[in-house]
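K.L.:
my questions are about this predicted structure, shown below with the sequence.
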Amino acid sequence: MNYSKNLNFIFRLPTKIVFGPGTAKEVGMEVDELKRTRALIVTDRDLVKTNLVNIVRKAMGTRCVGIFSDVTPDTGVHIVNTGSEYGRALGADILVSVGGGSAIDTSKGMAICLSKGGRLEDYSGINILGSPLMPHIVIPTTAGTGSEVTYAAVIKDHDQNRKLLFADNFLVPNVAILDPNMTVGMPKSLTAATGMDALCHCIEAIHSLQREPIADGLAFHGIRLIKEFLPRAMQNGEDIVARGQMLIAATIGGAAFSNAQVGMVHALAHCIGARFGVPHGVANSILLPHCILYNLDACPDLYALIAEAMGKEVKGMDPLKAAEQAAIAIWEFTKALGMPQSLREVNVDESGLAQCANDALMDGAIVYNPKPIFDSEEVLKVYQKAF
Ligand SMILES: [Fe+2]
């Protein structure tokens, strides 16, 4: 492996990770360890009707002062501000998010408002927070976003129809409790989509211009875990071992990409998600092999290693043919999972792709892509292949 270009790097993983079936019940101990007494649960409208939130509430006993359950799939600035007002009224001194990326990001936004005062809109940007926030414990109920260990939150300003990015090392959650029992009820389609998001994080961390050996180690292991355990989790949602290893894969994918960054797959997927409402993991899953083929000659050695991690035999092959096996492996994998294979299948309107191609060039992730892209026509060609 060639690391001659990235001799210097910083790697951060400050989140304490607690893993194991039943560990959600240890949340009270984690609150105590952080020396807090008034916990507010942040979750979504569907989860609050399930027993999952109840388990966490019971485990916290009198430490739990309330539940904020207004989070929607595409969370918004107004939701964060409402939740923050609620938390302030209750005198909350710690946040416990229970849910997927949307609940976790809402909680990150609330941590900003509850610590700094004011409204969330005032804090959009990169590294502007300047001091630690209210502590945040995450209990994920999906295995994909990696948000439990990342420094970023994406929250939509629904009034202005734009997504705001909050990126700051102070946003990294203090504790992630990875309890596979909390993900067993996840429907098949969500299991597949979030699992493919995690696979994209791993692969994009490896091909990123900011790749480095520690993130690579995590990401390659993440790929192997997903290859083995995502099909198992799909086949039997109650397979605790598979659910657990998928949680780990998502978390280490998050740790890898929050240090090494992601590239064009995410840039292109963000625009398809924003314009056509395609779920993030589904858009990533469709675009990933096409982006690998676009990037193929930029880093064929890395794609050959990714193909091997996906179970392909590439020894002795021509380097570009070996690299191509990574894209082929992903198509085979997503077909077997029953996932959509084209943008057409997920109701993307072809006439909107040119605008998406322009937007993708403005996405922060594109600058880390292994093959530099400055021409929206190039992006459009990738979209059209995926269409
Ligand atoms: Fe992602």
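P.N.:
That came in fine, so what should we check first?

K.L.:
grab the nearest non-local neighbour of the most centrally placed residue in the chain.
P.N.:
Closest residue to the average C-alpha location of the chain: residue 145 at 2.0 Å, with CA atoms, centre = their mean. Nearest residue to residue 145 in three dimensions, chain neighbours excluded: residue 101, at 3.5 Å (CB to CB, 6 or more residues apart in numbering). To be clear about C-beta, it is placed using only N, CA and C from the backbone, and glycine gets the same treatment.

K.L.:
residue 67 contacts residue 52, correct?
P.N.:
No: using CB atoms under 8 Å, residue 67 is not in contact with residue 52, being 11.7 Å away.

K.L.:
when the two are compared, which one has more neighbours?
P.N.:
More crowded of residue 67 and residue 52, by other CB atoms under 10 Å: residue 52, with 22 against 18.

K.L.:
need the pLDDT of that one.
P.N.:
Here the pLDDT value assigned to residue 52 is 96.

K.L.:
pull out the buried positions in stretch 161-169.
P.N.:
By 16 or more other CB atoms under 10 Å, the buried positions in stretch 161-169 come out as 163, 164, 166, 167, 168.

K.L.:
what's the average pLDDT for it?
P.N.:
Averaging pLDDT along stretch 161-169 yields 88.

K.L.:
contacts for it, please.
P.N.:
Outside of stretch 161-169, the residues within contact range by CB atoms under 8 Å, 6 or more residues apart in numbering are 12, 14, 77, 108-109, 112, 120-121, 123-129, 151-157, 270, 274, 364.

K.L.:
the stretch 51-200 of the chain: strands as residue ranges?
P.N.:
Along the stretch 51-200 of the chain, the segments classed as strands by DSSP state E, counting those that start in this stretch run 64-71, 94-99, 125-126, 136-140, 152-157, 162-167, 175-178.

K.L.:
and the residue nearest to residue 186 when sequence neighbours are not counted, how close does it get to residue 250?
P.N.:
Nearest non-adjacent residue to residue 186, counting by CB to CB, 6+ apart: residue 142, 6.0 Å away. The spacing between residue 142 and residue 250, counted by CB to CB, to the nearest Å, is 8 Å.

K.L.:
ditto for residue 225
P.N.:
9 Å.

K.L.:
which residues of the stretch 151-300 of the chain fall in helices?
P.N.:
188-207, 213-235, 240-260, 264-276, 280-295, 300-309 (DSSP state H, counting those that start in this stretch).

K.L.:
by contact count, what packs against the last one?
P.N.:
With contacts defined as 3 or more CB pairs under 8 Å, 6 or more residues apart in numbering; DSSP states H and E, helix 300-309 has these neighbours: helix 188-207, helix 213-235, helix 280-295, helix 319-336.

K.L.:
go with 6 Å
P.N.:
When contacts are defined as 3 or more CB pairs under 6 Å, 6 or more residues apart in numbering; DSSP states H and E, helix 300-309 packs onto helix 188-207, helix 213-235, helix 319-336.

K.L.:
which elements pack onto the first one?
P.N.:
Contact partners of helix 188-207 among helices and strands, from 3+ CB pairs under 6 Å, 6+ apart: helix 213-235, helix 240-260, helix 280-295, helix 300-309.

K.L.:
what residues does stretch 258-267 touch?
P.N.:
Residues outside stretch 258-267 that contact it (CB atoms under 6 Å, 6 or more residues apart in numbering): 11, 150-151, 200, 204-205, 208, 210-211, 215, 284, 287-288, 291, 360, 363, 365-366, 368-369.

K.L.:
what subset of those is buried?
P.N.:
150-151, 200, 204-205, 208, 210-211, 215, 284, 287-288, 291, 360, 363, 365-366, 368-369.

K.L.:
how close does residue 108 get to residue 133?
P.N.:
For residue 108, the distance to residue 133 - CB to CB - is 8 Å.

K.L.:
so the two - more neighbours on which side?
P.N.:
residue 108 (30 against 21).
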